[in-house]
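A.B. asks: build me a model:
(2 chains)
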Amino acid sequence: MTPLSGYLLVAALLFSIGLAGALTRRNAILVLIGIELMLNAANLNLIAFWRYGPHPERLTGMIFAIFSIAVAAAEAAVGLGLVIQIHRHAKTTDLDAMNRMKG
Amino acid sequence: MSFVFYLLTALMVAGALAAVLLKNTVHCALALTVVSTGTALLFLNLDAQFAGLAEFMVYVGAVAILVVFAILLTKGSETPKDGVFSRTWLVGLVIAAAVFAVLGWAVMGSVKVLPHEAAVPDVSVLQIGNALVGRYVLPLEIVAVLLTAAMIGAVIVALHERPDQEKEEPK
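C.D. replies: Numbers count the residues shown, from 1 in each chain, chains lettered A, B, ... in the order given. Got it, this is the predicted structure:
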């Protein structure tokens, strides 16, 4: 197994665990944690391809990963703000209990 | 593959499983910090020092604190009586397993050797800074606007509505 495929397999495993968490948990915050795990896996892929790709001095994968981290921070802030507002409105963060579009 | 890689991989997989499986939400948030630390250390292992430190500061320093605050504000640490998994957990598990199977199949069937596997890239922070304000200056500005808009939006969304404002609305 080459180093690159090792890192890609770890990223795939991390992504799948995050996806399983996002799809199976009831608490909305835990779903967001699963999405963060998936974003971590994507960043790991970007850095691994940057390191083992043909032109690491052009920094494409590294800069992509840095921007991805910034977007993940924005996503977490907005998502958790929405969860707090939904909890204030519906008095729950249980996704199975949120089955109405009407307020 | 080095010993450090296997050690970090074991740490990250254990942390990810803990973040997904544990009952207490606060424990899940702590497991998320373990996974983020493992990812940052893997970045350092891949000679990406700047990205590793950025990952560590943003995920462990900011996102984990945000998650813990959200848990405190929503009383999410109380374990619900009827289980922590949703009714359709089996479907989600099957989808995740299928995704892992496809990704693993694609990785194992890919080209075995890339040309620059042995050469260690020599990248300084100065080069990253020059790239950020040179070639990538437009994405940098867009990310700055995005972060500002997201923070203002998050504050506005999470603002507490005062009851007297609600009374005035239906005139």
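A.B. asks: the closest residue to A:Ala22 other than its chain neighbours: which element?
C.D. replies: The shortest distance from A:Ala22 to any non-neighbouring residue, by CB to CB, 6 or more residues apart in numbering or on different chains, is to A:Gly34 (3.3 Å). Every C-beta, even on glycine, is put in place using the N, C-alpha and C of the backbone. In this structure, A:Gly34 is located in helix A:28-52 according to DSSP states H and E.
A.B. asks: over to B:Val111?
C.D. replies: Remark: B:Val111 resides in no helix or strand, with elements defined by DSSP H and E.
A.B. asks: domains in chain B, by residue range?
C.D. replies: B:1-79, B:124-171 (automatic domain parsing).
A.B. asks: in TSV: those domains, plus distance to chain A, mean neighbour count and mean pLDDT.
C.D. replies: Shown next, in TSV, are the domains of chain B (distance: least, CB to the nearest CB, whole Å; neighbours: other CB atoms under 10 Å in any protein chain shown; pLDDT from 0 to 100):
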stretch	distance to chain A	mean neighbour count	mean pLDDT
domain B:1-79	4	19	91
domain B:124-171	4	12	83
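A.B. asks: in CSV, list these along with distance to B:Leu90.
C.D. replies: CSV is the format used below for those (distance: least, CB to CB, whole Å):
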stretch, distance to B:Leu90
domain B:1-79, 15
domain B:124-171, 33
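A.B. asks: for A:Ala90, find the nearest of those.
C.D. replies: Closest of the domains of chain B to A:Ala90 is domain B:1-79, at 10.6 Å (criterion: CB to CB).
A.B. asks: flag the shaky bits of chain A, pLDDT-wise.
C.D. replies: Regions of chain A meeting the criterion pLDDT under 70 cover residues A:103.
A.B. asks: for whichever residue of it sits closest to chain B, which non-adjacent residue is closest in space?
C.D. replies: Closest approach between chain A and chain B, counting by CB to the nearest CB: A:Leu23, at 2.8 Å. Nearest residue to A:Leu23 in three dimensions, chain neighbours excluded: B:Gly92, at 2.8 Å (CB to CB, 6+ apart).
A.B. asks: returning to what we had before: so what's the gap between the helix holding A:Gly34 and the chain middle?
C.D. replies: Offset of helix A:28-52 from its chain centre (CA atoms, centre = their mean, to the nearest Å): 5 Å.
A.B. asks: next one: stretch A:75-83
C.D. replies: 13 Å.
A.B. asks: give me the contact list for it.
C.D. replies: Contacts of stretch A:75-83 with the rest of the structure, by CB atoms under 8 Å, 6 or more residues apart in numbering or on different chains, involve A:28-29, A:32, A:35-36, A:39, A:93, B:62-63, B:66-67, B:69-70, B:74, B:150-151, B:153-155, B:157-158.
A.B. asks: try it again at 6 Å.
C.D. replies: When contacts are defined by CB atoms under 6 Å, 6 or more residues apart in numbering or on different chains, stretch A:75-83 is touched by residues A:28-29, A:32, B:63, B:66, B:70, B:150, B:153-154, B:157-158.
A.B. asks: quickly find the element holding the residue nearest to A:Leu23.
C.D. replies: Counting by DSSP H and E, B:Gly92 is found in helix B:89-108.
A.B. asks: in that helix, what's buried?
C.D. replies: In terms of neighbour count (16 or more other CB atoms under 10 Å in any protein chain shown), helix B:89-108 has its buried residues at B:89, B:92-93, B:95-96, B:100, B:103-104, B:107.
A.B. asks: fine, thanks again, bye for now.
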